[in-house]
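Peer 1: let's see this in three dimensions:
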Amino acid sequence: MSAGPGSPGRASPERGNVRVVCRVRPQNQIEVDRGGTPCVSLSDTSIQIVTEDGDTSFTFDHVFGQDSKQREVFDYVAAPTVADVMSGYNATIFAYGQTGSGKTFTMEGADIDDGELRGVIPRTADALFQAIADADASIEFVVKVSYVEIYCEKIRDLLDEYRTKVNLPIREDRQKGVYISGVTEEYITGPEELLAVMARGATNRAVAATGMNSGSSRSHSVFTVEIASTETTTG
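Peer 2: Alright, predicted model coming up:
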């Protein structure tokens, strides 16, 4: 999410530039069928992996266990990010993990219409537009989004209805910072529109079955929300 083109790279000083959170998912059906057993032990900020070859520990800013709720993840990860963006800072929420690790469940959720199962993105959309609604009436906001896929080292525009923007270049500008030249940007006015645009773009992603997950995408996607605010009154 970006607070506007005038502040490239500006990050909130209160929480530092980068925070790393680990979420451990429950066993999937493949692992259960193979008789697998959990091999990790957790604390609030560390995870220990126990194997026949020895134990390995890793430290994070926070660790969510397999019983963690979607709301808990949003409250820790994304709610502060929305506050930062509304204060004029740029922010990124990036999900990383191997196929089948639960990235889509965490970011999108199993059902965006289910209050318990909704993921980070639909909850963030609601929080963002609620923050806009709660802002001073003298401030006017404009929100636009873009959605691209990185596949085979090429950037493809997922919102291009003609599907011709398949190798977009990355540029750098003193005012805008780093940006994707020629990408489609759509203006939105509410969380429902944001999710509808994202769903439309998601249908264009390069999806192929893998041994870990029959519905897994072999591409990376980047969904960008840019917010611009203008003071409409002077005094």
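
Peer 1: check contacts around Glu149.
Peer 2: Ile155, Arg156, Leu158, Asn204, Arg205, Ala206, Ser219, His220, Ser221, Val222 (CB atoms under 8 Å, 6 or more residues apart in numbering). Placement of C-beta: from N, CA and C, glycine included.

Peer 1: same check, this time on Gly190
Peer 2: Contact analysis of Gly190 by CB under 8 Å, 6+ apart lists Phe129.

Peer 1: pretty sure Asp201 sits in a helix.
Peer 2: That one is not Asp; residue 201 is Gly. Yes. Counting by DSSP: H, G, I helix; E, B strand; the rest coil, Gly201 is part of a helix.

Peer 1: please renumber so the chain begins at 28
Peer 2: That works, and once the first residue is 28, the last one we named lands at Gly228.

Peer 1: neighbours of it, how many?
Peer 2: 22 (other CB atoms under 10 Å).

Peer 1: which residues of this structure fall in helices?
Peer 2: All helices of the chain, identified by DSSP state H, fall at 56-60, 97-100, 106-113, 130-134, 147-161, 218-229.

Peer 1: angle of the fifth one against helix 218-229?
Peer 2: With axes from the mean of the first three to the mean of the last three CA atoms, to 10 degrees as the criterion, the two stretches helix 147-161 and helix 218-229 enclose an angle of 150 degrees.

Peer 1: list the contacts for the most centrally placed residue in the chain?
Peer 2: Nearest to the mean C-alpha position of the chain, by CA atoms, centre = their mean, lies Ile120 at 4.5 Å. Each residue near Ile120 by CB under 8 Å, 6+ apart is listed here: Met28, Val104, Ala105, Thr108, Met134, Val147, Thr151.
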